[in-house]
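Asker: Got a predicted model here, sequence first, then my questions.
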Amino acid sequence: MKSYCNIRSIANWFPLRKLSNTHFTKNRTALQLSLIISAGALLAACSSSSPSAAPHKIHKKTVSVKVIPAPKALLSAAPPQPDGSAWVLSGTSTAKTITDIDLSNGKTISAVGIDPNADSLAESSTGILVVGIATTKTGAVQLLNSSTGAMETTIPVGAPVKDLAFGSNGTTLYVLNGNTTSESITTIDTATKKVGNTFGTSLGTISISTDPSQSAIWGLGANGTVNEQGLPNGGVAITAFPTGNPGISITTSPTNGTVYVLKGTPAGSNIAVISPVTDAIETVLPAAAGSIALATSVNGRTLYDFVGTPSVGNIQEIALPPSGK
């Protein structure tokens, strides 16, 4: 894999879109397409002039968006399940709730109070629901009943939890945990409830996601740098490249491994679509102001942008065009 020297300059040039949390207007859609085309042209030109980067085609994609109601103050979200539902975490520093939402209509299936130290949420393709816990100095993972949200088991880890990601086998959980001086990724077998190996990762990593083959794990730094580490061979470094500062969330397609990076500020964000083969930004999609997390559907055809502020909460369902279109 190759690192592209042009990615940071283009990602920082591309305007952070301020999109409505309620709907997209026709004029905004036209502006969005114009910005994507402009970014694509600049990326193509810069790539062709770089001695270390082979020219690559930039796909110009349009998107349609459906806005789904969700609790305000969203903090984290689990990937959608095959039945069309998704758990989300919301709340304040003193009170947290997990809510199971029917993505077809935005209706609440169930809502359960959770540990106020919860800061991350994940659910496997086999229906294992977990919450990450972070106090000032300690961390743990709570395994929950995916139907009721009731806590079943608590598994301590070495440091406060920052993010969670399941492997494609549906049982191996990767736990990003750390403090201001070091960070690591700990594996947990959720079937046996045993902690496995732990390996270091880049300081400042805030979000992780595994590839479909479970042979690598992607990490996103707060500065927008993406790191890829090998699995299960001790997390050996594979590649690292910038995508634009600051980073918010990273996810990968379960079908083709495409990497989606949410970046920006609370006022406006965008999503870099990255080829896992070339490490090149293929296009940039708009994201709503207040975006806090990304997730993909089971079939890889839909991207979910979770939006959360103290006064707003919703899920932006983005229909992705077929690959190469």
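Answerer: Yes, it's here.
Asker: From here on, just use CA atoms for contacts and neighbour counts.
Answerer: Will do.
Asker: Apart from its neighbours in sequence, what residue is nearest Asp211?
Answerer: Leaving aside its chain neighbours, Asp211 sits nearest to Gly257 (5.6 Å; criterion: CA to CA, 6 or more residues apart in numbering).
Asker: which residue ends up closest to the midpoint of this protein in space?
Answerer: By CA atoms, centre = their mean, the chain has its centre lying nearest to Ile250, at 3.2 Å.
Asker: For that residue, list the residues it contacts.
Answerer: With contacts defined as CA atoms under 8 Å, 6 or more residues apart in numbering, the neighbours of Ile250 are 207-209, 218-220, 259-262, 293-294.
Asker: my guess is it is in a strand, correct?
Answerer: Yes - assessed with DSSP: H, G, I helix; E, B strand; the rest coil, Ile250 lies in a strand.
Asker: per-residue pLDDT, it?
Answerer: For Ile250, the pLDDT comes out at 98.
Asker: Please apply the same query to Gly257.
Answerer: You'll see Gly257 listed with a pLDDT of 95.
Asker: Okay, and the beta partners of Asp189?
Answerer: Asp189 has these beta-bridge partners by DSSP bridges: Thr172, Lys194.
Asker: So Val307 sits against Gln316, correct?
Answerer: Yes - the criterion here is CA atoms under 8 Å, and Val307 meets it with Gln316 at 7.5 Å.
Asker: Common neighbours of these two, please.
Answerer: Residues touching both Val307 and Gln316 (CA under 8 Å, 6+ apart): Ala288.
Asker: helix or strand for Val284, which one?
Answerer: Val284 belongs to strand 281-287 when assigned by DSSP states H and E.
Asker: list the helices and strands that strand packs on?
Answerer: helix 26-49, strand 268-274 (3 or more CA pairs under 8 Å, 6 or more residues apart in numbering; DSSP states H and E).
Asker: Show me where the stretch 101-250 of the chain has its strands.
Answerer: Taking DSSP state E, counting those that start in this stretch as the test, the strands found in the stretch 101-250 of the chain are 108-114, 118-123, 129-134, 139-144, 151-157, 161-166, 172-178, 183-189, 194-200, 205-210, 216-221, 225-230, 237-242, 247-252.
Asker: Let me have those in a markdown table, extended by distance to Asp102.
Answerer: Formatted as a markdown table, these follow (distance: least, CA to CA, whole Å):
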| stretch | distance to Asp102 |
| --- | --- |
| strand 108-114 | 6 |
| strand 118-123 | 15 |
| strand 129-134 | 16 |
| strand 139-144 | 19 |
| strand 151-157 | 21 |
| strand 161-166 | 21 |
| strand 172-178 | 24 |
| strand 183-189 | 28 |
| strand 194-200 | 32 |
| strand 205-210 | 23 |
| strand 216-221 | 28 |
| strand 225-230 | 32 |
| strand 237-242 | 35 |
| strand 247-252 | 21 |
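Asker: Out of those strands, the one nearest Ser275 is which?
Answerer: Minimum separation from Ser275 across those (CA to CA) falls at strand 247-252, 10.2 Å.
Asker: coming back round to it: and the helices and strands packed on strand 281-287, which one averages the lowest pLDDT?
Answerer: helix 26-49 (a mean of 35).
Asker: report the angle between the axes of the next helix-or-strand element following it and strand 108-114?
Answerer: Downstream of helix 26-49, the first helix or strand assigned by DSSP H and E is strand 64-69. Strand 64-69 and strand 108-114 are oriented at 60 degrees to each other (axes from the mean of the first three to the mean of the last three CA atoms, to 10 degrees).
Asker: ok so, going back, could you look up the SS state of the residue nearest to Asp211?
Answerer: Secondary structure for Gly257, judged by three-state DSSP, is coil.
Asker: How about the contacts made by it?
Answerer: Applying CA under 8 Å, 6+ apart to Gly257 gives the contacts 211-212, 275-276.
Asker: if we can go back for a sec, nearest to Pro79 among the strands of the stretch 101-250 of the chain would be which one?
Answerer: When the strands of the stretch 101-250 of the chain are ranked by distance to Pro79, counting by CA to CA, first place goes to strand 118-123 at 6.3 Å.
Asker: Any idea how far the closest one is from the middle of the chain?
Answerer: 12 Å (CA atoms, centre = their mean, to the nearest Å).
Asker: Compute the inter-axis angle for it and strand 161-166.
Answerer: Angle of strand 118-123 versus strand 161-166, following the same axes, to 10 degrees, is 0 degrees.
Asker: Check which helices and strands strand 118-123 sits against.
Answerer: For strand 118-123, the packing partners by 3+ CA pairs under 8 Å, 6+ apart come out as strand 74-77, strand 85-91, strand 129-134, strand 161-166.
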